[in-house]
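[1] What follows is a predicted structure for the sequence shown.
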2 protein chains.
Amino acid sequence: MSSVVEAWRAALGADKVDDCAATLDRYARTTQPSATRPCCILFPSTTEEVQAIVRIASEHRTVVYPISRGRNWGYGDACAPANGAAIVDLGRMNRILDVNTELAYTVIEPGVTQGQLNTYLKDNRTGLWMDCTGAGPEASLVGNTLDRGFGHTRYGDHVSTTCGMEIVLADGRVLNTGFGHYPNAKAGRVYSYGIGPSLDGLFCQSNFGIVTKIGLWLSPAPEAFNFFFVRLSNDADIVSFIDRLRPLRMSGVVQSAVHIGNDYRIFSSRGRYPFDMTNGATPLPQEVRKQLRDRYGLGAWNVAGAVTGTKAHVRASRRAVREALRGLGNLRFVSDKQLDFAAQAFGLLSKFGIARGTASFITSAKPVLAAAMGIPAEQPIRGTYWRLRHEPPQDVNDPIEAGAGVMWVSPVLPMRGEDARRVMQIVEPLFAAHGFEPMTTFTMITERSMVAVLNVYFDKRDVTETRQAEACHHELVKALIKEGYIPYRAGLSTMPMIFQDGDVFWDVAAQIKRALDPSDIISRGRYLPPQQ
Amino acid sequence: MSSVVEAWRAALGADKVDDCAATLDRYARTTQPSATRPCCILFPSTTEEVQAIVRIASEHRTVVYPISRGRNWGYGDACAPANGAAIVDLGRMNRILDVNTELAYTVIEPGVTQGQLNTYLKDNRTGLWMDCTGAGPEASLVGNTLDRGFGHTRYGDHVSTTCGMEIVLADGRVLNTGFGHYPNAKAGRVYSYGIGPSLDGLFCQSNFGIVTKIGLWLSPAPEAFNFFFVRLSNDADIVSFIDRLRPLRMSGVVQSAVHIGNDYRIFSSRGRYPFDMTNGATPLPQEVRKQLRDRYGLGAWNVAGAVTGTKAHVRASRRAVREALRGLGNLRFVSDKQLDFAAQAFGLLSKFGIARGTASFITSAKPVLAAAMGIPAEQPIRGTYWRLRHEPPQDVNDPIEAGAGVMWVSPVLPMRGEDARRVMQIVEPLFAAHGFEPMTTFTMITERSMVAVLNVYFDKRDVTETRQAEACHHELVKALIKEGYIPYRAGLSTMPMIFQDGDVFWDVAAQIKRALDPSDIISRGRYLPPQQ
């Protein structure tokens, strides 16, 4: 092992190779129940250095595992599937290579963070919005996109807004997808398919290469913008809500992702588990649940979405949403300006004990609202602190530092109320059996589908709870796959459960892997069983 | 060769294998300058039969070339890249396997035609629209989609509305993409990526397998619908038009594909070349061009698009389009109902010699209007008859039967006026030098890109014109690729020109081909140089 590290050191320079114990300790941490330990960390700052890294890895048959910023919270974080990999930390490749305001796109490296791009777009008065996730300002855009993450705006489905990739292959060659491999191509960042087979899909949720550059579409800030919030009182209301909103999503009247969170999910965004109110017992008793719901002014389900367009379009969309939901739940529209004003006014009122529910609603809406405009916030990360028995430091927005355990289970559903009901029927008893609250969001991510994110939050210092979380995750994934609700994404805990023996799909993926990376050096075991 | 045909005959039955000379003659025809001749035609009616076909082909090292309906007009039609292939005509696999009205999708086999699906949707009062191309009611939806064809509605980009494929591989295995390979998967037709690498892109514009089934999204008929037409007087107006409309396309206010055709292109949709007015000379003299423009009431550029949504959205979109184009060209909005009425009224008026330009406009708008609602029409095909010296039969809507020569050159451009201007600068002198009119449409196909379709129409009975057409096509493709305007699609004439030596992209495609089809039996030479 030391010879490959020496070879990398010789090729890259000592400042780009780190195998000291303290560094390895730092990377060998995870929000999952158990971490893996790397052999060293490599810090390339150019595509050429990534090429040198894989060439040396191939020679020495050593596994390399690229990470962008290592903030793959709840899905494995910065950890490789197995011990002994060299982590290729792409954090120093953090250049914003192009921002085209006319055609509204950017070209970025994997180290570019959500906060960095957002600041750039604002500081340079580009008039462009990005889309962001709740993973915080330090999270990578490329890393999230390659795992098919999603956000909140009309460009919420990140993979569908990616255009043109640069990829380093296992033998060190550089592949450009789309039209990017033609010299002087004019449409390389605006038309993603190119000519001939489209290869981009191969490099998402896989281990066929190391992506070192992508084009990403941005949205011109809309003329008008309104959030909408809906509070649904009863568990069963979600069925009708989804069926009524689907036609608007499918006709393009509502173009944003729409998020539907249950009360538990929102509790976690307001603070940690109220151990004091339960005498330390878990899961949350129904009477405490009711108290928290009242305290925060929440429904059984709580919806956040947005409508954009010209002023007249936004008026028309408001009307369409209002008509579709007539008689169902409590619908409020609010513009960004109104919300700023309301936050101040209600903040004042709440000092006098008035309108506490509303004030709380407004306060908690702020990060949701920011996300709907593509502005990354720290706050959503802190939801993962839910089960911590200890007080995490106020300024730490990092679940690993805070000791938070996180596993997401994220099945895809058709956009039908009946399917949401069925998923809840499957998962609620399993959460309860393992002592967890069924924290859930449904996101209308495309015009016909939803992703459910089921959160298993636990305290990593609590060995029993960690073991229960692991079992709960396992049961959830197993039951959902059995019923045909397959995850859209898998963390290291989930990954072994998505493979099926004798499945032509995985066999074909393995054939492609062997063609492109015969020694299985890139991200061995990631979204593909390790090869022989 | 006869042994493989006998093996197919034994496996499939005599009625599914045809190698009689008359049949081979019929398939050995093309709209391109020269055709290839197959060794036999196979007519499977099930996936299992396709599996049997490729297994036998692998054993005998014989090339098979699947076609859906063989209507790939102007791109090679039903012809394989080389002589001696067995054409796998999938026309008998023409089942509509599912139409889901709640989630608005269908599952179809390759033999399903545009006309067939349209009739099904109408007859069963599904309330769903499909998207169609101008290739006519007999053209396949699957075939077009796999070549990344496009239509006119908000689902005009066909590949992006495909969800889940069934594919027969060269060794006879059946691959299901997306979530389709999980038993009982609920979201297989609503969420296309599945989990793990996304393989669908591999099977478009390639030769890695034979697609035997796809899911395809349909649109619920919108509450309201308006076409818009714009007549732009001057050649240069297109620059401003594109730049002004782009923000509406990018913000989702205009969601349909928008087509911009020059006067020449529209002439061809009204009738054949006026040889009588030019004494047989080509290309069209400027004074005749002017006369035709006046006769048909056309601008230098003629735009057709549509806005959909609720009534209020359509009103808002009309206003937004009107404001964006203020002072530029002649903009008219018309609903489907208005047009029906107007066609009758103006038809009457025109009998008395009144409003001839308008009547002509209305008449010619009918098929455009149908296309904007996803209704396939015969008429657009007849545009390919432009250069025929002989009168084609009235009831033949088939360029091959009519003897029409067609080659499309289809570069992709960023959606900027400047790029449209540049493309015209490149191509106009080349068309002129070879004696053709620069027939052109630009289609705003995604939110940031346009496809230009440059039509080289010729009379196949005219040997000189055919030779000129071939040279013209060659020069156009060469010049456009050199300037970075790469085609989105290639016919058999274009295909050899898109490959570049030493290009990692094509090398990787070849590696995947060798992994999946080591004997190169499927569609040898299609979107990939023949393998050794």
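    Received the coordinates, thanks.
[2] Tell me where chain A is predicted with low confidence.
    A:1, A:336, A:339-364 (pLDDT under 70).
[3] Name the strands paired with the longest strand belonging to it and say parallel or antiparallel.
    Assignment by DSSP state E gives strand A:449-459 as the longest strand of chain A. According to DSSP bridges, strand A:449-459 has the following sheet partners: strand A:404-409 (antiparallel), strand A:412-414 (antiparallel), strand A:439-444 (antiparallel).
[4] gap between it and the chain center?
    On the basis of CA atoms, centre = their mean, to the nearest Å, strand A:449-459 sits 11 Å off its chain's mean C-alpha point.
[5] After that strand, which helix or strand is next?
    Under the assignment DSSP states H and E, the closest C-terminal helix or strand after strand A:449-459 is helix A:463-482.
[6] Please tell me how far residue A:25 sits from chain B.
    Separation of residue A:25 from chain B (CB to the nearest CB, to the nearest Å): 31 Å. Any C-beta I mention is one placed from the backbone N, CA and C, and that applies to glycine too.
[7] With mean neighbour count added, can I get the strands paired with strand A:449-459 in a markdown table?
    Listed next are these as a markdown table, based on neighbours: other CB atoms under 10 Å in any protein chain shown:
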| stretch | mean neighbour count |
| --- | --- |
| strand A:404-409 | 26 |
| strand A:412-414 | 26 |
| strand A:439-444 | 24 |
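[8] Looking at these, which is nearest to residue B:398?
    The closest of the strands paired with strand A:449-459 to residue B:398 is strand A:412-414. By CB to CB, the value is 40.2 Å.
[9] quick one: secondary structure of whichever residue of the stretch 51-200 of chain A sits closest to chain B?
    Across the stretch 51-200 of chain A, the shortest distance to chain B (CB to the nearest CB) belongs to residue A:198, at 3.2 Å. What DSSP: H, G, I helix; E, B strand; the rest coil gives for residue A:198 is coil.
[10] on that earlier part again, got the strands paired with strand A:449-459 as a markdown table, with distance to residue A:335 columns?
    Converted to a markdown table, the strands paired with strand A:449-459 look like this (distance: least, CB to CB, whole Å):
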| stretch | distance to residue A:335 |
| --- | --- |
| strand A:404-409 | 32 |
| strand A:412-414 | 31 |
| strand A:439-444 | 22 |
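[11] Could you tell me the angle between the longest strand of chain A and helix A:463-482?
    160 degrees (axes from the mean of the first three to the mean of the last three CA atoms, to 10 degrees).
[12] Do I have it right that the residue of the stretch 51-200 of chain A closest to chain B meets residue B:201?
    Yes - in this structure, residue A:198 is within contact of residue B:201 by CB atoms under 8 Å, at 3.2 Å.
[13] so which of the strands paired with strand A:449-459 gets nearest residue B:53?
    Residue B:53 lies closest, by CB to CB, to one member of the strands paired with strand A:449-459: strand A:412-414, at 34.1 Å.
[14] so how far is residue A:259 from residue A:207?
    Distance, residue A:207 to residue A:259, by CB to CB, to the nearest Å: 30 Å.
[15] And the two? Which one has more around it.
    Remark: of residue A:207 and residue A:259, residue A:207 carries more neighbours, 29 against 25, as counted by other CB atoms under 10 Å in any protein chain shown.
[16] Now the more buried one: closest residue in space, sequence neighbours ignored.
    Spatial nearest neighbour of residue A:207, excluding adjacent residues (CB to CB, 6 or more residues apart in numbering or on different chains): residue A:523 at 3.5 Å.
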